[in-house]
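Sequence and predicted structure below; questions after.
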Amino acid sequence: MGNKTTTITKGKTMKKNIYQKLHAACLSCSSVKKADKVKGMHFNPLLHDQVNEVATQALLDNNLYVTCNYLTEVMDKANAIMVVCTMKVHDVDDPTSFVIVDGCSAMGAIDKFGTGNAMSYSRKYAFLNLLNLKTGIKDEDGYAATPFNKISSVKEETSPVYLTDSDDKVDAEEIKEYIKLAKNSKQFYSLAEKYRGQLQYLMKNNSKAYQQIKKVADAKELQLNNNV
């Protein structure tokens with residue numbers, strides 16, 4: 001009974017569909033431990049190789065196979081490269097059945113390592129989204145997540161984001177407030193997904209506004225990674 005993709009009911013072998021297999025993979029998947037801090041790093045990193053190893057094994061155990069397609073775009077105003085990962089999960093037992101995980105993105109520097117780093121980062125979070133992987137931190141795995149507090153009427157002391165007339169559809173102050181209120185990484189990265197379109201718009205059309213939001217986001221991510 002080594003094949004985990006089937007169940008036995010009253011002497012009959014019942015095949016699982018791809019969603020049942022994904023459910024089984026999620027339940028059987030071990031947590032991903034963050035790596036130790038290294039010199040010059042202020043937080044424990046969640047390494048791509050560890051996420052890839054844990055997720056791939058759980059999927060293979062359930063006769064699922066993953067392929068990825070990457071869309072890259074050079075963001076001149078941000079001096080960075082954007083990589084969007086589209087992950088496709090194939091059912092080995094039924095080649096016509098698959099699930100798409102779309103929209104996981106990451107930015108890298110414009111150098112010889114930038115594209116590879118962004119590809120690994122986006123693939124890592126596609127795996128995390130696909131299997132809801134636990135990361136070994138109680139408030140990051142989503143199981144004990146707490147809701148956002150209501151936004152306070154008190155504004156930050158730093159200068160506000162100034163947008164052009166064409167940017168009126170983007171409420172940058174709201175984005176910054178929600179980022180600051182994120183209580184754990186699950187909430188933080190859900191905000192990145194929620195505001196992805198608006199952030200990409202600012203990245204292309206209003207670099208100053210984007211950089212101000214990014215400064216707030218970087219500070220919050222560092223705080224959450226340090227678990228303080």
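Okay, I see it.

Low-confidence ranges, this structure, go.
Applying pLDDT under 70 to the chain flags residues 1-13, 33-46, 134-170, 227-228.

Could you break it into its assigned domains?
If you go by automatic domain parsing, the domain ranges for the chain are 15-136, 137-228.

Those into CSV, with extra columns for mean neighbour count?
All C-beta spots, glycine's among them, are computed from the backbone N, C-alpha and C. Formatted as CSV, the domains of the chain follow (neighbours: other Cβ atoms under 10 Å):
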stretch, mean neighbour count
domain 15-136, 16
domain 137-228, 15
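
Backbone dihedrals for K112, both of them.
Main-chain dihedrals, K112, degrees, to the nearest 10: phi -70, psi -10.

And it, how far from K77?
21 Å (Cβ to Cβ, to the nearest Å).

Counting by contacts, list what the strand ranked longest in the chain packs against.
Longest strand of the chain, by residue count under DSSP state E: strand 94-109. Counting contacts by 3 or more Cβ pairs under 8 Å, 6 or more residues apart in numbering; DSSP states H and E, strand 94-109 packs against helix 18-28, strand 80-91, helix 114-131.

nearest to Y201, of these?
Of all those, strand 80-91 sits nearest to Y201, with 12.5 Å by Cβ to Cβ.

Just want the angle from the closest one to helix 114-131.
40 degrees (axes from the mean of the first three to the mean of the last three Cα atoms, to 10 degrees).
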